[in-house]
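Colleague: Coordinates for the following, if possible.
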Amino acid sequence: MGTSTSNRGQNGKTPLVPSWLNDDENNGTQPDSEITGDNIQQQDDTQSYDSKRFTSPRSDFTRYINSGGNKIGRLHKAISSYVRKSAGGSKNATMRLGSARKSTAKLVSIMSGFAGGNISATAYRFNLGDIIGKPAKEVFLRIMDFVCPDGGRTDEGIARSAYIEALSSIPDLENKQIESLSHLEFLAFTEIYMADVIQQKLLNDIGNKIFSLPNDILCIENIEKQMKDFIQNAISDSISRLNVDICNISQQQAQDVVDSVYNTAFEIMSSYGEE
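Modeller: Below you'll find the predicted structure:
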């Protein structure tokens, strides 16, 4: 279902927000579980959560899968339960995205520069080379190595896999030059990428190996589409609620904007799933 990071899923003893996710000084390593500084409250929160906090979303998602995608309410409930119980709320769900948050901020910085009409200046700033007149897909491939380099931890793999998935979902990029794209097209790619990050992180946390997908390829495609649509609608609604202007986001603002969009999207999915 679009994710290259397959495992048996998180267990309840996994910290809500592992300390290494936001430790820039660790250079990609995972230190011991001790949490200090700003993460102390997160450690305290972890101790208060049920060790079986992944059980409910797994159960609801499995029932959704077993229904062949017909019980979409189970999908909404599974995602809502994941945000509220497994992740410990929308803020922690955002923090659990780890380096994918930073990758998204890099992407937003570039997309904002492009959308604002500063193609050459943005390419120079981010060392993308001469891109004027190049096919948009070629340029987006160059951007990928800057936004989410290959290799590293699971969250880094999720970021790169989500980027590849987003790129493959817009085949028309092959036939357009980068400077011919509108600001709405740059925004659309950003939304798709952010939605793919959430989808793959959610599946990875819940444990995508425990799901027995139907043999019917059309059924599988329908299930995947429903999930993508639900998450992407939450991202789009979040961007709309926050009045995000893709043409006017500085490098310094990018991370705060990205975190706000992810946080609001998780809130939307959580509340919608409760209905």
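Colleague: CA only for contacts and neighbour counts going forward, please
Modeller: Noted.
Colleague: Low-confidence ranges, the stretch 51-200 of the chain, go.
Modeller: Along the stretch 51-200 of the chain, the parts satisfying pLDDT under 70 run over 51, 151-152.
Colleague: could you pull out the helices for it?
Modeller: Using DSSP state H, counting those that start in this stretch, the helices of the stretch 51-200 of the chain run over 55-66, 72-81, 90-95, 99-115, 119-125, 136-147, 154-168, 183-206.
Colleague: need the contact list for S56.
Modeller: Residues in contact with S56 (C-alpha atoms under 8 Å, 6 or more residues apart in numbering) are A78, S81, Y82.
Colleague: I misspoke; the intended subject was S109.
Modeller: Going by C-alpha under 8 Å, 6+ apart, S109 touches I249, S250, Q251, A254.
Colleague: Nearest to C148 among those residues?
Modeller: Among the contacts of S109, A254 lies closest to C148 (C-alpha to C-alpha), at 15.7 Å.
Colleague: was I right about the closest one contacting K102?
Modeller: No. Under the criterion of C-alpha atoms under 8 Å, A254 is not in contact with K102, lying 9.1 Å apart.
Colleague: List the contacts of the residue nearest in space to the middle of the chain.
Modeller: The residue lying closest to the centre of the chain (C-alpha atoms, centre = their mean) is V197, at 2.1 Å. Taking C-alpha under 8 Å, 6+ apart, we find V197 in contact with L97, A100, I158, A159, A162.
Colleague: can I get these in CSV with neighbour count and distance to N204?
Modeller: Formatted as CSV, the contacts of V197 follow (neighbours: other C-alpha atoms under 10 Å; distance: C-alpha to C-alpha, whole Å):
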residue, neighbour count, distance to N204
L97, 25, 11
A100, 27, 13
I158, 26, 9
A159, 31, 12
A162, 27, 12
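Colleague: what's the farthest-apart pair in those?
Modeller: For these, the maximum inter-member distance is 12.1 Å, found between L97 and A162 (C-alpha to C-alpha).
Colleague: Out of the contacts of S109, which sit inside helices?
Modeller: Members of the contacts of S109 lying in helices (criterion: DSSP state H): Q251, A254.
Colleague: Would you mind checking the contacts of S109 for buried ones?
Modeller: For those, a neighbour count by 16 or more other C-alpha atoms under 10 Å gives the buried set as I249, A254.
Colleague: Out of the contacts of S109, the closest to N127 would be?
Modeller: Q251 (14.7 Å).
Colleague: With S180 as the reference, measure out to the closest residue to that closest one other than its chain neighbours.
Modeller: Distances taken as C-alpha to C-alpha, 6 or more residues apart in numbering place S109 nearest to Q251, at 5.3 Å, with adjacent residues excluded. According to C-alpha to C-alpha, to the nearest Å, S109 stands 19 Å off from S180.
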